[in-house]
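A.B. asks: sequence and predicted model, in that order:
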Amino acid sequence: MTPDCSDSVGCSGIRPFSSCLANHGLVLTRDNATTLQINVGLNCNLSCRHCHHSAGPGRTETMSRETMAAVTAYAARVPFAAIDVTGGAPELVPGIADFLAELATVSQRLMFRTNLVALHDHGGDELVRHCAALKVALFASLPSINEGQADGQRGSGVFATSVAMLRRLNEAGYGIQGSGLELNLAANPAGAFLPTGQQAAERRFRQELTRRYGVEFTNLVTFANVPLGRFRDWLETSGNLAGYLEKLAAGFNPCTVAGLMCRSQAVIDWRGYLFDCDFNLAAGLPLGGRPIHVSELSGPPPAGLAVPTGDYCYACTAGAGFTCGGAISS
Ligand code: SF4
Ligand code: SF4
């Protein structure tokens, strides 16, 4: 059924996401898989308040070289249009440079997600040069253009280090028009509210980063904080969980469902197991309802499989909705 986008926005109150879908005559099933996202582990140099994985310096989950080899072999036998490497902080994973080089040989488009501070402190110019040589597209998280707000979410001094790293990336050609080196930014709200419009946010970031810091970038994507992990803990302890879920559910937009990333992504965790999206990974809901290891798979996850859901799915469908590539509708 094609949803009516004109007047059917919203779900009343907090109800299971699946029943909200049903009320709109919708079901959430997989489509053809076009992107392979690889979560290489939860070790991170930061401990952001909004982190849906509760990643941080104390986490030891890390992809082994053996699992990297199994993932590369899978990506070689099943061509995906894009491969997206994320974490934690992927820079902290031993063997990450070699892994990127191997993935570059089997993917048309290779993406790497960084919190900038890890690239500054642990990757350095060598990893930047390596990514540039492989034409890896960077997605750098920068929650806010406001220094106090960004540091409040991520830790003292993070904003200044992030800007310093953005300048170094510009010097290496990243984010400079015509260089062929993409430097995309990812922004999210400071708390329990929806992001502002993506286009307006991009204009504001571009104006401020250029004027104040001389920094250029390619595109900006915005996303809502997903009520899982450390962010959910904060919502609970601050008494904001019910209100935030209500707000997300009230903003349910049926026209985002066709474009949800769980329909077109396959996500592999650090152990090599498959999920429909990084949020289901955080929630422990495997693709197809049972643990499937990448070494067992000969093809992409089949279209038509039901996608398991939770209340956090309302974050993907509120307002304009979002995916790892940004807002779904304008
Ligand atoms: S949000 Fe990203 S940078 Fe922050 S703790 Fe989580 S994985 Fe690390
Ligand atoms: S969290 Fe978002 S991407 Fe994941 S299953 Fe739910 S709606 Fe799909």
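C.D. replies: On my side now, so go ahead. Ligands and ions are numbered 1, 2, ... in the order given.
A.B. asks: low-confidence stretches in the stretch 1-150 of the chain?
C.D. replies: 1-9, 12-14 (pLDDT under 70).
A.B. asks: for ligand 1, what are the nearby residues on it?
C.D. replies: 44, 46-48, 51, 53, 55-56, 87-89, 115 (C-beta under 6 Å from any ligand atom). All C-beta atoms are positioned from the backbone trio N, CA, C, and that covers glycine.
A.B. asks: Throw those into TSV and include secondary structure and distance to ligand 2, thanks.
C.D. replies: Shown next, in TSV, are those (DSSP: H, G, I helix; E, B strand; the rest coil; distance: C-beta to the nearest ligand atom, whole Å):
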residue	secondary structure	distance to ligand 2
44	coil	20
46	coil	22
47	coil	22
48	coil	18
51	coil	15
53	coil	13
55	coil	17
56	strand	22
87	coil	18
88	coil	18
89	coil	22
115	coil	21
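A.B. asks: list only buried entries from these.
C.D. replies: Buried members of these, counted by 16 or more other C-beta atoms under 10 Å: 44, 46, 48, 51, 53, 55-56, 87-89, 115.
A.B. asks: tell me if I'm right that residue 194 and residue 317 touch.
C.D. replies: No: under the criterion of C-beta atoms under 8 Å, residue 194 makes no contact with residue 317, lying 11.4 Å away.
A.B. asks: overlap of the contact sets of these two?
C.D. replies: Common contact partners of residue 194 and residue 317 (C-beta atoms under 8 Å, 6 or more residues apart in numbering): 248, 251.
A.B. asks: nearest residue to the residue in the stretch 101-250 of the chain that ligand 1 sits nearest to in space, please, no chain neighbours.
C.D. replies: In the stretch 101-250 of the chain, the residue found nearest to ligand 1 is residue 115; the distance is 3.6 Å by C-beta to the nearest ligand atom. Among residues not flanking residue 115 along the chain, residue 141 sits closest, at 5.1 Å (C-beta to C-beta, 6 or more residues apart in numbering).
A.B. asks: now do the contacts for the one you found.
C.D. replies: With C-beta under 8 Å, 6+ apart, residue 141 has these contacts: 113-116, 185-188.
A.B. asks: looking at the stretch 51-200 of the chain, what residue ends up closest to ligand 1?
C.D. replies: Closest to ligand 1 within the stretch 51-200 of the chain is residue 51: 3.1 Å, counting by C-beta to the nearest ligand atom.
A.B. asks: give me phi/psi at the residue nearest to that residue when sequence neighbours are not counted?
C.D. replies: Of all residues not flanking residue 51 in the chain, residue 230 sits nearest, at 4.7 Å (C-beta to C-beta, 6+ apart). Reported as degrees, to the nearest 10, the phi and psi values for residue 230 are phi -70, psi -30.
A.B. asks: is it correct that residue 230 is in contact with residue 44?
C.D. replies: No: using C-beta under 8 Å, residue 230 is not in contact with residue 44, being 10.8 Å away.
A.B. asks: okay, and the common contacts of the two?
C.D. replies: residue 51.
A.B. asks: re earlier: what's the farthest-apart pair in the contacts of residue 141?
C.D. replies: 114 and 188 (15.1 Å; C-beta to C-beta).
A.B. asks: quick check, the residue of the stretch 51-200 of the chain closest to ligand 1 in contact with residue 232.
C.D. replies: No: counting by C-beta under 8 Å, residue 51 stays clear of residue 232, with 10.1 Å between them.
A.B. asks: which residues in the stretch 151-300 of the chain form helices?
C.D. replies: Taking DSSP state H, counting those that start in this stretch as the test, the helices found in the stretch 151-300 of the chain are 158-171, 198-208, 229-237, 241-250, 261-264, 278-283.
A.B. asks: what does the helix or strand where residue 129 lies contact?
C.D. replies: Residue 129 belongs to helix 124-133 when assigned by DSSP states H and E. Helix 124-133 has contacts (C-beta under 8 Å, 6+ apart) with 91, 96-97, 100-101, 112, 119, 138, 168-169, 172-174, 181.
A.B. asks: related to what we said a few turns ago, residue 23: which of the helices of the stretch 151-300 of the chain is closest?
C.D. replies: helix 241-250 (11.2 Å).
A.B. asks: what packs against the closest one?
C.D. replies: Under the contact definition 3 or more C-beta pairs under 8 Å, 6 or more residues apart in numbering; DSSP states H and E, helix 241-250 sits against helix 229-237, helix 314-317.
A.B. asks: wait, doesn't residue 161 sit right on residue 114?
C.D. replies: No: at 12.0 Å, residue 161 and residue 114 do not qualify as touching, with contact defined as C-beta under 8 Å.
A.B. asks: between these two, which is the more surrounded one?
C.D. replies: Shown here are residue 161 and residue 114; by other C-beta atoms under 10 Å, residue 114 has more neighbours (28 against 18).
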